[in-house]
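> how would this look folded up:
(one chain, ligands or ions: 2)
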Amino acid sequence: MKIIVQKFGGTSTRSIETREHMYKNIIREHDKGNKVVAVVSAMGRYDDPYATDTLLSIVHTNQLTDEEIDRLTSIGETISTLVVKSELANKGYIVETVTNAELGILTDSHHLNATITTVEGKHILEKLNKADIVICPGFQGYSQNGKITTLGRGGSDLSAVAIGVAIDANEVEIYSDVNGIYTADPRIVPDAMKLNYISYSEMLELSKNGAKVLNHRCVQLAAKHGIVIHARSSFDESKGTYVLGDEKIMKEHLNQFIISGITGSQNEARITLVGVDAKVNGAGELFEKIANANVNVNVFSQALVGGGRMDISLIINDKDVPAVVEVINDLKETLQAKKTIVRGNIGKVAVIGVGIKNNKGMFQKVYNTLMSHDINVEMTSCSEINISCYIDRDDVKRAQVLLHEAFLG
Ligand SMILES: Nc1ncnc2c1ncn2[C@@H]1O[C@H](COP(=O)(O)OP(=O)(O)O)[C@@H](O)[C@H]1O
Ligand SMILES: N[C@@H](CC(=O)OP(=O)(O)O)C(=O)O
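Ligands and ions are numbered 1, 2, ... in the order given. Down below sits the predicted model:
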């Protein structure tokens, strides 16, 4: 007998029809003699009655504390848990449910995006002794202060891996409406191809850079504990994509394509300080103050432009623009910039894969593909497995299609 953790997102729990597909997957494992722990997300997306964004839309969020918002949104997963239990029990299966406290997911008190501190699988294992199927609410934990917390958007993926670690599950499967990880979001690039395997490091780059198919922190936790994730579809039986260790991928030559994926995001902004006084360490002070304002700088470049002056450019999330502009204003006297340019309408397209370090001319190909289609590259950042270009936000989707054609067409 194996213990299988299966996570079903909002696209699977959405309606009675989609849930019938999810039950087929649970029952298949049950009929093989395995025990199933199903981790469920709130049902559907905005406008579906109990989806996370629907719950958020029926309150004035600015009148609630983050702790109160967590109490509200966690209810979506509780409703889903009880609906799923009632329907499976109605089919004749022995099913137990787990409450927030019984989940054993302890977190810090950073409401809306809490970090897991410890996970204790005792209650889930006890329930597995009494039942064939145990249903757990995803997306939530419990803080040391005794409050319900949530794990950030898309956090049920993280719940599934955390529970998998705590109960020493044999497999962790993450179900959605696509049958695995594709070389791009198939909704944006219809020619995207399914990957049979992807390494943790490539998947981490994809999820960090906008591919919402797997939650970033879920992949981090899986990599830390060597948990193989099987990302697959609720709606068909086919094998999906296995996310696993980089060494295994390399050793067994499991890479199918020169690059593993193209992704994009549309929430960046660029701030450029033109002609900053290069003689004082203004940049150092600027970064210290930006960090104190809790803002992450995604990319930074600094170039001497002669005459004792330099230009400094930063890419940040657009929601952080007001905080950074305030810091720049505070440092006006020190920086002595000739001009400050704020470009709010920035997005990013990223090409990801181990093929980048092993092949020549990859950056040139990305750059030329974009520029030859009149997409202006405003800034870039590169690592061994990631080439990211910052471009006009309105071009991000087209850029993904063009780069996919150039590298994988
Ligand atoms: N590289 C990718 N491969 C597959 N799907 C992707 C990729 N990038 C983004 N997606 C999107 O992720 C969606 C599935 O994730 P999500 O909506 O979070 O599902 P769930 O609600 O089940 O958690 C797909 O419908 C697809 O549009
Ligand atoms: N319901 C939460 C948690 C989650 O993981 O959802 P999904 O699995 O549908 O992405 C959200 O919408 O963020």
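> close enough to count as contact, Gly353 and Gly261?
Yes: contact criterion CB atoms under 8 Å: Gly353 and Gly261 qualify, at 6.9 Å. Glycine gets a C-beta too; all of them are placed from N, C-alpha and C.
> Which secondary structure state is assigned to Asn145?
The assignment at Asn145 comes out as coil when based on DSSP: H, G, I helix; E, B strand; the rest coil.
> Same check on Leu56?
Per three-state DSSP, Leu56 ends up helix.
> what's around it, how many residues?
15 (other CB atoms under 10 Å).
> quick one: contacts for the residue in the stretch 201-350 of the chain that ligand 2 sits nearest to?
Nearest residue of the stretch 201-350 of the chain to ligand 2 (CB to the nearest ligand atom) works out as Asn215 at 6.7 Å. Listed by CB atoms under 8 Å, 6 or more residues apart in numbering, the contact set of Asn215 reads 152, 154-158, 207.
> okay, and the common contacts of Gly353 and Gly261?
Glu202.
> Need the contacts of Asn215 in JSON lines (columns: secondary structure).
Converted to JSON lines, the contacts of Asn215 look like this (three-state DSSP):
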{"residue": "Gly152", "secondary structure": "coil"}
{"residue": "Gly154", "secondary structure": "coil"}
{"residue": "Gly155", "secondary structure": "coil"}
{"residue": "Ser156", "secondary structure": "helix"}
{"residue": "Asp157", "secondary structure": "helix"}
{"residue": "Leu158", "secondary structure": "helix"}
{"residue": "Ser207", "secondary structure": "helix"}
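> hey, where'd the helices end up in the stretch 151-300 of the chain?
156-166, 200-208, 216-225, 246-251, 282-292 (DSSP state H, counting those that start in this stretch).
> deepest of these, which one?
Ranked by mean neighbour count, the helices of the stretch 151-300 of the chain are led by helix 156-166 with a mean of 28 (mean count of other CB atoms under 10 Å).
> Could you tell me how far the helix or strand bottoming out on mean pLDDT in the chain lies from the centre of the chain?
In the chain, no helix or strand scores lower on mean pLDDT, DSSP states H and E than helix 246-251, which sits at a mean of 86. Between the centre of helix 246-251 and the centre of its chain there are 23 Å (CA atoms, centre = their mean, to the nearest Å).
> helices or strands up against that helix?
strand 197-199 (3 or more CB pairs under 8 Å, 6 or more residues apart in numbering; DSSP states H and E).
> now, which of the contacts of Asn215 sits nearest His225?
Comparing the contacts of Asn215 against His225 with CB to CB places Leu158 closest, at 12.3 Å.
> Verify the stated contact: the closest one with Ala222.
No: at 9.4 Å, Leu158 does not count as touching Ala222 under the criterion of CB under 8 Å.
> circling back: from the rest of the structure, what touches the least confident helix or strand of the chain?
With CB under 8 Å, 6+ apart, helix 246-251 has contacts from 197-201, 254-255, 354.
> now the helices of the stretch 151-300 of the chain as JSON lines including distance to ligand 1?
Formatted as JSON lines, the helices of the stretch 151-300 of the chain follow (distance: least, CB to the nearest ligand atom, whole Å):
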{"stretch": "helix 156-166", "distance to ligand 1": "7"}
{"stretch": "helix 200-208", "distance to ligand 1": "6"}
{"stretch": "helix 216-225", "distance to ligand 1": "10"}
{"stretch": "helix 246-251", "distance to ligand 1": "17"}
{"stretch": "helix 282-292", "distance to ligand 1": "30"}
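> which neighbours does the helix or strand containing Thr118 have in its sheet, and in what orientation?
Applying DSSP states H and E as the criterion places Thr118 in strand 116-119. Paired with strand 116-119 in the same sheet, following DSSP bridges, are strand 105-107 (antiparallel).
> pLDDT of the partner strand, averaged?
For strand 105-107, mean pLDDT rounds to 98.
> near ligand 2 at all, it?
No: judged by CB under 6 Å from any ligand atom, strand 105-107 stays clear of ligand 2, getting no closer than 13.4 Å.
> sorry, back to before: what would the strand holding Thr118 look like as PDB? C-alpha coordinates only.
Below are the C-alpha coordinates for strand 116-119, written out as PDB (Å, rounded to 0.1, in the frame of the first residue of the first chain):
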ATOM      1  CA  ILE A 116       5.900  27.400   7.000                       C
ATOM      2  CA  THR A 117       8.000  26.800  10.000                       C
ATOM      3  CA  THR A 118       7.200  23.200  10.800                       C
ATOM      4  CA  VAL A 119       4.800  20.500   9.600                       C
END
